[in-house]
Every structure is written in structure tokens, then in C-alpha cells.
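Engineer: sequence and predicted structure below; questions after.
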Amino acid sequence: MPSDALLPIDVGLLAPVSVGHDALLSDGAVLSTMIRVECALVAAYVEVGAAPREARVEIDHVFGIDEKYGSPERGVEVDRLVREGVAGGNPVIPLVGMLKAQVPEEHRAWIHRGATSQDILDTALMVVARRAVEQTRRSTANAAVWARQLAERHADDVAAARTLTQHAVPTTIGARAATWARGLERAAQRLGELTFPAQLAGAGGTLASFVEITGSQDAANALPAALARALELDAPEAQWHTSRWPVTEIGDALVQAIDALGKVAADVATLGRTEIGEVSEGVGGGSSAMPQKQNPAEAVLIRSAALRAPHLAATLHVASALAVDERPDGAWHAEWPTLRELLRLAVGASAHGSSLLAHLRVDVEAAASNAGRTGGRIVSERLRGVLVPLIGAERFAALLAGEGDLAPRLRAIPELQGTGVDIAALVDPAAYLGLAPRLARGTHLGGTA
């Protein structure tokens, strides 16, 4: 047997950003969750008075739901499940047969009763997504805390603000870190506001099967909320078989988080360039060929996620827009691997983002040196307001041309003689920081110090 046949198709070899962080998104985790959903449906039937309590007890016991570390998937032939899932277009169809075979005959009818495959898989993906989103939210919030600490620590440390890659005006290292923090905080907040509804509506979304089974419209109407409670999900307001906002909203929030993390990573990668050297990662990477290098490995991994994530979310939106009729024909199927991969990237990128900011090294002297590299020209905005009224625009432009420190040239300007202007202070980047230190300390525009 060739060695490549011994490995699953994806163990993270080509996706290092998520390695060690995405166990809750594995095929095994999804399979286990689908079985838990089937068991939760039985519990919901019991709650509304349609199924006997003994059915829930026995079924939970068969699949280890009543065990602290139970493994519901332990009796499922996964290879067979995967093969047989092709014929029906989803894995729930063969799974139901495998589950029924394990349940005593007197309770077998309650497995999957009245449900459609999409009910089970949508609900399972919501359970998986809720866990992964919460993990992402915690890591993103932690990253924001580390960024805030950097902002406070370096609130007054001068750095060059860059626009379109060039020196613009002075800022502070702390103000830049505060920008990171605000993006991360907003992303974490949005993740925390997401809704994860259960799905239970039957073949055409009408719940007709549940009315028939329970004998009551009220009991059928209560069933989805009972399922949601059993799984710690949100009760659905209505079926969402072809109204895919739960999926697209999760996708959009994940992309926002990865965007915020990507901004940090991009800045760290740029500011860590050898010729800039203002920051460096506290952990990570060497080079296989160049021993002098210390690569920004975590920033690189985060950026790999940031480059991929928006396109995955776009796929979710396309699938949502093309979810036709009352059940989708392929659009739904396209969501499964897309949503999982987006969750996988978010979990991994946020973990690396928190680590990166927790260990980030800042070279204050390098940042100050870089800010002074243009000989005072970084405060040209300020100089223009002072000098143009005295010497005119043409002479001011000529003054800025060329290289070398501006201070000696300013002292030679006749119009400045005897004015008492402090030339050293005039060209000092630290004297033209605006509100940067205040913003770094979290004082909002319009607020009080």
C-alpha cells in the first residue's frame, strides 16, 4: 500500500494556520454532532409529550450521550458512511440507517422521525459553528487585550505614520496598536452577537410530518424550540432551509475577525522587515536555507487566512442567493466544506493573532530613528503652515528638495531670524503628534482626557 493511502486527505499539511486548533471541526466532530442532533430530536419529542421517556433514556445510552466523554460515532462505519453518502448527496441518509440498526426495535421509530436530512445537517453545523465561533471570539478578544496593552505602553513612543507606503506625519507606536485593538474589539463584539438557530421543519419546511406525529399543531410548533434547548442553540423563528442568513451572517462575522487579524499581521510583517526593524515576533520562525533569518511565521500564517477568507464568504453568499425552491439543489451542499474551512481559518488565525500580540517585541529606538530619517521632512505639514506665509510656496518647495537635515537650512532663512522660533522643536516629530497619544490611551474623539 502506498504511504499516501495511510493519511486522510487533509491533516493540515498544507494548512498550517489551523494545525492544533481545529479538532472541533474535524469530520469526526461533525459526525458526532449529527448523532447528537438525532438524539436531541428524541429528547424534543419527549419534552412535547409525543415520545416516551424510556425512548430517550435508551437511545442516549446506546450512543453514549449519557456519558461524560461519550463517543456517539463509535458504532458507525465511517468509510461505509462516506461511500453511501454519495448516492443520496448527503451523509445523513445512510447515517439514519446505521443509527436505527443500533437502537432496540421498540424505540427505533423515534430516530430521525419526521425530520429531513437538511434539518439534521443544518442543526449539526450550527452546533459546530457555535463552538468554533466562541473559540474564535475568545482568541480575538484576547488579541485585542494584548493590543490595548501595547497601545498603553507605547502611547508616547514616536513612529512614522505611512500613507501609500511613504512617511506621512508622525504618530506613535501606541496609536497604531490602538487601531489594531479597535478592529479586533469590534470583530469580537460582532462574533458575540451572532445567532445559531436550530433547523427543524421537515421535507418541505411546513412541519407537516410533526403535526401528524404529535397530533397537535401546538406540539409541532414547540418542537424546534425544544430541539434548540437540547443542543443549546437559538430557537428558530421559522425554517431557514432556503433563507440562509444564519450561514452568511456567521461567514461575514468570521471574515471581519480575520480581516482585523490580517491588518495586524500585515503591519507586523511590514514593520518587521530588516531595513525597518520596528517590531519582531517573539516566537517562531527560522529559514530552511538562511540561518540569519527570523521569519514572522505567525504573521505569515494569519495573512494566509486573510487572503482566503473573503472568497469563502463570497461562496456562502452565492450559495444563499441560489438556494432555490423550498430545498436547495447543490447550493446547500456547497456550504458545508466552505463554512467549515472558514471556521477553521478563523479558529487558527485568531489563536495565532493572540499569540503574536502577546509576544510582540517593539524596538522603540528603531521606530524613532526611522521617524527622523527624512531630516525633519516628516513634519512638512507643520512647516508649510509656519513657513509659506513667510517665504512663499516656491521657496518652501525648494527648501524641502534634496537630502540632509532641514534644521541647518531653516536656521539660514533670513525671515526666521529674530522671530524666536525654536527650530529644533519645529522639526521634532515628537512635537507634532496631534491626538496620537490620547487615541493610544483609548480616549475617543470628542471625549475628555
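Structural biologist: Perfect, thanks for sending it.
Engineer: quick one: contacts for Leu184?
Structural biologist: Counting by CB atoms under 8 Å, 6 or more residues apart in numbering, Leu184 touches Thr140, Ala141, Ala143, Ala144, Ala147, Ala257, Ala260, Leu261, Val264, Gly353. (Glycine included, C-beta is placed from N, CA and C.)
Engineer: now with 7 Å?
Structural biologist: Thr140, Ala143, Ala144, Ala147, Ala260 (CB atoms under 7 Å, 6 or more residues apart in numbering).
Engineer: again with Leu95
Structural biologist: Leu95 is in contact with Met34, Leu81, counting by CB under 7 Å, 6+ apart.
Engineer: so where is the protein shaky, pLDDT-wise?
Structural biologist: Along the chain, the model assigns pLDDT under 70 to residues 1-6, 284-293, 444-449.
Engineer: quick one, longest helix in it?
Structural biologist: What stands out as the longest helix in the chain, according to DSSP state H, is helix 117-153.
Engineer: can I assume Ala101 sits in a strand?
Structural biologist: No. Using DSSP: H, G, I helix; E, B strand; the rest coil, the secondary structure at Ala101 is helix, not a strand.
Engineer: how close does it sit to Val62?
Structural biologist: 10 Å (CB to CB, to the nearest Å).
Engineer: who has more neighbours, the two?
Structural biologist: Val62 (19 against 10; other CB atoms under 10 Å).
Engineer: is that one in contact with Leu99, as I believe?
Structural biologist: No. Judged on CB atoms under 7 Å, Val62 makes no contact with Leu99 at a distance of 8.5 Å.
Engineer: residues touching stretch 326-337, excluding its own?
Structural biologist: 89, 118, 125, 204-205, 241-242, 247, 315-316, 319, 322-323.
Engineer: quick one: end-to-end distance for that stretch.
Structural biologist: Using CA to CA, to the nearest Å, one end of stretch 326-337 lies 22 Å from the other.
Engineer: pull out the buried positions in it.
Structural biologist: Across stretch 326-337, burial judged by 16 or more other CB atoms under 10 Å covers Arg327, Pro328, Ala331, Trp332, Ala334, Glu335, Trp336.
Engineer: try stretch 367-375
Structural biologist: Ala367, Ala368, Asn370, Ala371, Gly372, Thr374, Gly375.
Engineer: start to end distance for that stretch?
Structural biologist: OK, stretch 367-375 end separation, CA to CA: 14 Å.
Engineer: any idea how far it is from the middle of the chain?
Structural biologist: 35 Å (CA atoms, centre = their mean, to the nearest Å).
Engineer: before we move on, back to that, going by neighbour count, which of the contacts of Leu184 comes out on top?
Structural biologist: Highest neighbour count within these, by other CB under 10 Å: Ala143, with 32 neighbours.
Engineer: please report how far that residue lies from Thr163.
Structural biologist: Counting by CB to CB, the gap from Ala143 to Thr163 is 25 Å.
Engineer: mind giving me the packing neighbours of the longest helix of the chain?
Structural biologist: Applying 3 or more CB pairs under 7 Å, 6 or more residues apart in numbering; DSSP states H and E, one finds that helix 117-153 makes contact with helix 27-47, helix 92-102, helix 173-192, helix 217-231, helix 245-271, helix 331-359.
Engineer: neighbours around Thr179, how many?
Structural biologist: Residues lying near Thr179 (other CB under 10 Å) number 19.
Engineer: circling back to that earlier point, ok, so of the contacts of stretch 326-337, who is nearest Gly402?
Structural biologist: Proximity of the contacts of stretch 326-337 to Gly402 (CB to CB) peaks at Thr315, which lies at 52.8 Å.
Engineer: what sits against the closest residue in space to the closest one that isn't next to it in sequence?
Structural biologist: Leaving aside its sequence neighbours, Thr315 sits nearest to Thr338 (CB to CB, 6 or more residues apart in numbering; 4.7 Å). By CB under 7 Å, 6+ apart, the residues touching Thr338 are Leu312, Thr315, Leu316.
Engineer: now Val283
Structural biologist: Ser355, His359.
Engineer: let's see that with 6 Å instead.
Structural biologist: Going by CB atoms under 6 Å, 6 or more residues apart in numbering, Val283 touches His359.
Engineer: quick one: the residue nearest to Thr315 from Ala208, how far?
Structural biologist: 31 Å.
Engineer: can I get the CA coordinates of the helix or strand containing Arg395 in PDB?
Structural biologist: Here Arg395 sits within helix 380-400, counting by DSSP states H and E. Provided in PDB are the C-alpha atoms of helix 380-400 (Å, rounded to 0.1, in the frame of the first residue of the first chain):
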ATOM      1  CA  SER A 380       6.400  69.200   6.400                       C
ATOM      2  CA  GLU A 381       2.700  69.600   7.000                       C
ATOM      3  CA  ARG A 382       3.500  71.700  10.100                       C
ATOM      4  CA  LEU A 383       6.400  73.500   8.400                       C
ATOM      5  CA  ARG A 384       4.200  74.600   5.500                       C
ATOM      6  CA  GLY A 385       1.800  76.400   7.800                       C
ATOM      7  CA  VAL A 386       4.700  78.200   9.500                       C
ATOM      8  CA  LEU A 387       7.000  79.000   6.500                       C
ATOM      9  CA  VAL A 388       4.800  79.500   3.500                       C
ATOM     10  CA  PRO A 389       3.400  82.800   4.800                       C
ATOM     11  CA  LEU A 390       7.000  84.000   5.400                       C
ATOM     12  CA  ILE A 391       8.800  82.700   2.300                       C
ATOM     13  CA  GLY A 392       6.200  81.700  -0.200                       C
ATOM     14  CA  ALA A 393       5.300  78.300  -1.700                       C
ATOM     15  CA  GLU A 394       8.100  78.200  -4.300                       C
ATOM     16  CA  ARG A 395      10.900  78.800  -1.700                       C
ATOM     17  CA  PHE A 396       9.300  76.300   0.600                       C
ATOM     18  CA  ALA A 397       9.300  73.600  -2.100                       C
ATOM     19  CA  ALA A 398      12.900  74.300  -2.800                       C
ATOM     20  CA  LEU A 399      13.700  74.100   0.900                       C
ATOM     21  CA  LEU A 400      12.200  70.500   1.000                       C
END
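Engineer: what about it, distance to the chain center?
Structural biologist: Computed by CA atoms, centre = their mean, the separation of helix 380-400 from the middle of its chain amounts to 47 Å.
Engineer: and it, what does it pack against?
Structural biologist: Judged by 3 or more CB pairs under 6 Å, 6 or more residues apart in numbering; DSSP states H and E, helix 380-400 has no packing partners among the helices and strands.
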